[in-house]
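Enquirer: Give me a 3D structure for the following:
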Amino acid sequence: MARKSLVQRCAVDVAIRAHDCQHNRKHRLARGDKRLKVWNGRSPDHYCAACALATIKADISKLQALAAEFA
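Expert: Numbering: from 1, shown residues only. The predicted model follows:
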């Protein structure tokens, strides 16, 4: 039986063309920059490295707090 996951479908890839980060329009991704791709329904949202790391760190702390409630 497959295990459920709270983590959405996501991956790290490389920007094919320059575009704005979907979290902060002031952050610009250049062609070739690493970015976080998170699927939102049928299409992905793309985030710059700074926004991706901030989101990942915040989600890790939320999951650790949730896990601590079971300890």
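Enquirer: show me where the protein has helices.
Expert: 49-68 (DSSP state H).
Enquirer: top strand in it by residue count?
Expert: Longest strand of the chain, by residue count under DSSP state E: strand 34-40.
Enquirer: Now do it and helix 49-68, the angle between them.
Expert: 60 degrees (axes from the mean of the first three to the mean of the last three Cα atoms, to 10 degrees).
Enquirer: Residue 35: neighbour count?
Expert: Residue 35 is flanked by 22 other residues according to other Cβ atoms under 10 Å. For glycine as for every other residue, the C-beta is placed from the backbone atoms N, C-alpha and C.
Enquirer: dump the residue contacts of it.
Expert: 12, 13, 14, 15, 21, 29, 46, 47, 48, 49, 52 (Cβ atoms under 8 Å, 6 or more residues apart in numbering).
Enquirer: let's see 6 Å
Expert: Applying Cβ atoms under 6 Å, 6 or more residues apart in numbering to residue 35 gives the contacts 15, 29, 46.
Enquirer: Just give the nearest non-adjacent residue to it, would you?
Expert: Leaving aside its chain neighbours, residue 35 sits nearest to residue 46 (4.9 Å; criterion: Cβ to Cβ, 6 or more residues apart in numbering).
Enquirer: in the sheet, who's paired with the one you found?
Expert: Counting by DSSP bridges, residue 46 is bridged to residue 37.
Enquirer: Please report how far it lies from residue 64.
Expert: 26 Å (Cβ to Cβ, to the nearest Å).
Enquirer: Between these two, point out the one with more neighbours.
Expert: residue 46 (19 against 9).
Enquirer: quick one: pLDDT of that one?
Expert: Residue 46 is assigned a predicted lDDT (pLDDT) of 97.
Enquirer: Going by distance to residue 37, which of the contacts of residue 35 wins?
Expert: Relative to residue 37, the closest of the contacts of residue 35 is residue 46; by Cβ to Cβ it sits at 5.7 Å.
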